[in-house]
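> My questions are about this predicted structure, shown below with the sequence.
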Amino acid sequence: MPDTPLPQHPIDAQINEVAGRWLLSLERPVGHSCNEIWQAITDKDVVRRWAPFAPDRDLTETGVVALRQVDDPELPATPGRVVTAAMQRMLSLDWGKDRIDIELAPTADESVVHLSHTFDDRTMAPSFAAGWHLCLQALDSVLNGEDTPIVVGDAAHAAGWDELYDRYAALFEQE
């Protein structure tokens, strides 16, 4: 990744219990239009450049999708399903037992990406937050046309995952 300083946190990072599961919410401003972001979050060849998974198809239509880990494509694919694909507004994706929702909102000069991850084990919240933080940073870099390496596994640790994990763990202890 480019040598850009890590933001302390995206605009907002929260963890809440909802119906016996945990909902992690992150928001981040991105200096691009919702249309540009939509292309980046749904085109299978672009998704694999910023997300922890590589889909076997574009994510523009609802239905089954296989999601492979970008750092180890030899592992079996995780079953997924595109639940909602509302162009330039909302992408909802089941990733195994977890749900990922990405909402896009235009502002006067950029867009806001709101990412929510619903999962079962609250102790995973700082890990997921640190990972998605790096993924959202990578998404922004990809949209800026930068050559962006994947940010999972060892590459995530090199990009500051451990520091982010500690920051999010401290943040979530306060909630």
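Yep, that arrived.
> contact partners of stretch 168-175?
Residues outside stretch 168-175 that contact it (CB atoms under 8 Å, 6 or more residues apart in numbering) are 9, 13-15, 125-126, 129-130, 133. Yep, even glycine has a C-beta here, placed from its N, CA and C like the rest.
> chain center to it: distance?
Centroid separation between stretch 168-175 and its chain, computed with CA atoms, centre = their mean, to the nearest Å, is 19 Å.
> what are the ranges of the strands in this protein?
Counting by DSSP state E, the chain has these strands, from start to end: 12-18, 21-30, 53-55, 63-69, 78-86, 90-95, 98-106, 111-119.
> Only alpha carbons, please: show the last one as PDB.
What follows is the C-alpha trace of strand 111-119 in PDB, where atoms were taken according to Å, rounded to 0.1, in the frame of the first residue of the first chain:
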ATOM      1  CA  SER A 111     -19.400   9.800  -1.000                       C
ATOM      2  CA  VAL A 112     -19.600   8.000   2.300                       C
ATOM      3  CA  VAL A 113     -19.200   4.200   2.400                       C
ATOM      4  CA  HIS A 114     -21.000   2.600   5.400                       C
ATOM      5  CA  LEU A 115     -19.900  -1.000   5.900                       C
ATOM      6  CA  SER A 116     -21.700  -3.300   8.300                       C
ATOM      7  CA  HIS A 117     -20.600  -6.800   9.300                       C
ATOM      8  CA  THR A 118     -23.000  -9.000  11.200                       C
ATOM      9  CA  PHE A 119     -21.400 -12.000  13.000                       C
END
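> neighbours around T60, how many?
15 (other CB atoms under 10 Å).
> what separates it from V46, distance-wise?
Going from T60 to V46 by CB to CB, to the nearest Å gives 12 Å.
> Enumerate every residue touching L59.
By CB under 8 Å, 6+ apart, the contact set of L59 is 41-42, 44, 47, 65, 82, 85, 91, 93.
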